[in-house]
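Need a 3D model of the following:
(one chain, ligands or ions: 1)
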Amino acid sequence: MTSQFMWITLAMLVGVLMGLYLAVLMRAGKTKRTFQQLNHRYFKGLNYLLNDESDKAIDVFIQLAETSQETFEPQLALGNLYRRKGEVDRAIKLHQALIAQAELPERYRTRALLAIGKDYMSAGLLDRAEVLFSELVEIEAHTPEALQSLVEIYQQEQDWLQAIKSASRFQSATNRNMQTPIGHYYCELADLSLHQGDNEQAEKYLASALRVDDKSVRAHLICAKLNQSDQQWQAAIEEYQSAKAADSSFIPLFINELADCYLALGQGEQLEREMLQWIETYNGVSPVLTLASYYAKEKGDVYATEFLTEQLNNRASFKGLNALIELNEVELNQLSNDFAYFNVIKNLIDKLLKNKPKLRCRKCGFGAKSLHWQCPSCKNWGVVKPIYGLESE
Ligand SMILES: [Zn+2]
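Below you'll find the model as predicted:
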């Protein structure tokens with residue numbers, strides 16, 4: 001939305017609110033003098049707004065906010081509009097002026113506090129916002145909104161223990177399911193412990209993550225990696241299988257590690273059996289590529305090429321085509337010498353696979369080349385997943 005259009009919308013909204021407010025005043029039987037005074041000041045402010053004189057307009061509205069309770073609703077809404085327009089300083093001034101009113105009823109004060117808290121968040125003043133939202137939770141006013149904002153703040157500050165606390169309270173207060181984010185907060189803590197070399201603590205956090213969310217792919221994958229680094233291959237395989245059972249769309253992210261575990265145990269045949277089962281039910285190309293790579297080592301390039309060619313007839317994939325080219329590099333290099341255009345095709349596939357995002361957020365469409373457990377755009381957890389289709393998985 002352009003700035004000018006935003007202001008016209010803003011001014012129109014103020015006008016509508018003004019009309020409502022005048023009607024309320026008249027019905028309430030206010031004295032003619034009070035009515036005229038407020039009427040005059042409000043239209044003065046509105047006029048400044050329409051003329052794009054924000055500084056003068058805000059001064060008028062702040063004076064009104066400090067002195068008149070009757071204008072609380074439109075003033076609060078106007079402050080929120082300032083915030084949405086990115087003019088956070090003005091939003092804070094206006095909302096603070098509302099709170100400064102003498103004898104402001106508690107129900108108004110808490111609403112203004114909530115608004116200032118959101119202003120502070122928009123301004124990046126997280127500490128101040130945290131104090132206000134905590135106060136609201138303490139006095140049980142606007143608890144769900146305050147808790148939701150606290151969760152956002154603690155996520156931004158990466159204070160995962162506090163995030164778990166607030167998200168759990170939010171879940172109890174609203175009955176909204178917070179299992180997925182809470183599971184990820186525990187995984188964040190596990191990652192931090194691993195980074196500090198405290199595997200024992202990491203395992204405790206992972207157990208908590210799985211207690212809260214037994215379908216946490218991320219927790220299963222961290223457990224699998226821990227087992228793998230301890231050479232506990234069978235335990236690692238079971239964790240990868242649990243991750244697949246929880247959400248098979250993450251398969252491309254761990255299938256190579258799973259294959260490594262089977263091969264470390266000398267269980268190539270089990271790997272082959274499992275991949276053939278996955279190929280039956282899973283749409284992506286990863287199990288085909290993993291099995292082709294296993295066949296190339298165990299049964300030779302010709303066998304692997306035949307298998308891959310047959311599979312690619314059923315599931316067209318540039319990744320598969322690329323694997324086919326790599327398997328037959330020697331012959332194809334000869335072909336490149338004879339037919340120059342073949343190099344063009346090969347380079348094109350290389351570029352296509354290199355430049356495309358491999359993952360996409362299922363909520364907002366954000367494209368990524370590497371894994372983000374929290375979408376950088378919409379901030380949802382566990383929604384950035386491998387892309388399926390011709391050019392990807
Ligand atoms: Zn997203």
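
Spatially nearest residue to K385 (excluding sequence neighbours)?
Closest residue to K385 apart from its sequence neighbours, by Cβ to Cβ, 6 or more residues apart in numbering: S249 at 4.7 Å. Yep, even glycine has a C-beta here, placed from its N, CA and C like the rest.

Now do the one you found against R362, distance only.
9 Å (Cβ to Cβ, to the nearest Å).

Quickly list what's touching both of the two.
Jointly contacting S249 and R362 under the rule Cβ atoms under 8 Å, 6 or more residues apart in numbering are K385.

Contacts only, for the closest residue to the ion within the stretch 201-350 of the chain.
Distances between the stretch 201-350 of the chain and the ion by Cβ to the ion are smallest at S249, namely 14.9 Å. Counting by Cβ under 8 Å, 6+ apart, S249 touches 385-386, 388.

Then G45?
G45 neighbours (Cβ under 8 Å, 6+ apart): 14, 57, 60-61, 64.

cool, N283 as well?
Contacts of N283 by Cβ under 8 Å, 6+ apart are 315, 388.

one more time with 10 Å
Contacts for N283 (Cβ atoms under 10 Å, 6 or more residues apart in numbering) come out as 248-249, 315, 388-389, 393.

okay if I get those as JSON lines plus pLDDT?
Converted to JSON lines, these look like this (pLDDT from 0 to 100):
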{"residue": "S248", "pLDDT": "95"}
{"residue": "S249", "pLDDT": "94"}
{"residue": "R315", "pLDDT": "82"}
{"residue": "Y388", "pLDDT": "83"}
{"residue": "G389", "pLDDT": "75"}
{"residue": "E393", "pLDDT": "73"}
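
For these, pick the one with the most neighbours.
Counting neighbours by other Cβ atoms under 10 Å, E393 leads the contacts of N283 with 21 neighbours.

can you pull the contacts of that residue?
So E393 contacts 249, 251-253, 282-286, 289, 317, 319, 358-359, 385-387 (Cβ under 10 Å, 6+ apart).

Now tell me what touches stretch 322-330 from outside.
Contacts for stretch 322-330 (Cβ under 10 Å, 6+ apart): 285, 288-289, 292-293, 295-296, 300-302, 304-305, 307-309, 311-312, 317, 332, 334-336, 342, 345-346, 349-350, 352-353.

buried ones in that stretch?
Buried residues in stretch 322-330, counted by 16 or more other Cβ atoms under 10 Å: 322-324, 327-328.

Near the ion, which residues of this protein? Just list them.
By Cβ under 5 Å from the ion, the residues of the chain that approach the ion are 361, 363-364, 366, 375, 377-378.

Let's see if you can find the most crowded of those residues.
Going by other Cβ under 10 Å, C375 tops the residues of the chain next to the ion with 21 neighbours.

where's that residue relative to K363, distance?
Distance, C375 to K363, using Cβ to Cβ: 7 Å.

Disregarding flanking residues, what is the spatial nearest neighbour of the residue in the stretch 1-150 of the chain positioned nearest to the ion?
Nearest residue of the stretch 1-150 of the chain to the ion, counting by Cβ to the ion: Q148, 17.6 Å away. Excluding its sequence neighbours, the residue lying closest to Q148 (Cβ to Cβ, 6+ apart) is F170, at 5.9 Å.

from memory H220 sits against A245, does it?
Yes: the pair H220 and A245 passes the contact test of Cβ atoms under 10 Å, sitting 8.8 Å apart.

the more surrounded of these two?
Neighbours were counted for H220 and for A245 using other Cβ under 10 Å; H220 has more, 26 against 11.

Contact partners for that one?
Counting by Cβ under 10 Å, 6+ apart, H220 touches 206, 209-210, 214, 238-247, 250, 254.

go on, N380?
Residues near N380 by Cβ under 10 Å, 6+ apart: 180-181, 361-364, 366, 374.

where's the residue nearest to Q148 relative to P105, distance?
Look at F170 and P105: by Cβ to Cβ, they are 27 Å apart.

And for K297?
76 Å.

got it, and I139?
14 Å.

cool, and A112?
Distance, A112 to P105, using Cβ to Cβ: 11 Å.

shared neighbours of these two, anything?
Both A112 and P105 are contacted by F72, under the criterion Cβ under 10 Å, 6+ apart.

between those two, which one's more packed in?
Between A112 and P105, A112 has the larger neighbour count (other Cβ under 10 Å), namely 23 against 11.

hang on, that one packs against A77?
No: if you go by Cβ under 10 Å, A112 and A77 don't touch, sitting 11.9 Å apart.

So R360, which state does it fall into?
Applying DSSP: H, G, I helix; E, B strand; the rest coil to R360 yields a three-state assignment of strand.

what residues are up against it?
Here R360 is in contact with 366-368, 375, 383-388, 392 (Cβ under 10 Å, 6+ apart).

what bridges to it?
When bridges are called by DSSP bridges, R360 pairs up with G367, K385.

ok, it to S249 distance?
From R360 across to S249, the span is 11 Å (Cβ to Cβ).

Helix or strand for H220, just tell me which one.
helix 217-229 (DSSP states H and E).

pLDDT of that helix, averaged?
Averaging pLDDT along helix 217-229 gives 97.

how far does that helix sit from the chain's center?
22 Å (Cα atoms, centre = their mean, to the nearest Å).

just checking, what packs against the helix or strand just after that helix?
Using DSSP H and E, the helix or strand that follows helix 217-229 in sequence is helix 233-246. Contacts defined by 3 or more Cβ pairs under 10 Å, 6 or more residues apart in numbering; DSSP states H and E place helix 233-246 against helix 199-212, helix 217-229, helix 251-264, helix 268-281.

outside of the host helix or strand of R169, which residues touch it?
In the assignment (DSSP H and E), R169 maps to helix 160-174. Here helix 160-174 makes contact (Cβ under 10 Å, 6+ apart) with 130, 133-134, 137, 140, 143-157, 159, 176-179, 181-192, 205, 208, 212.
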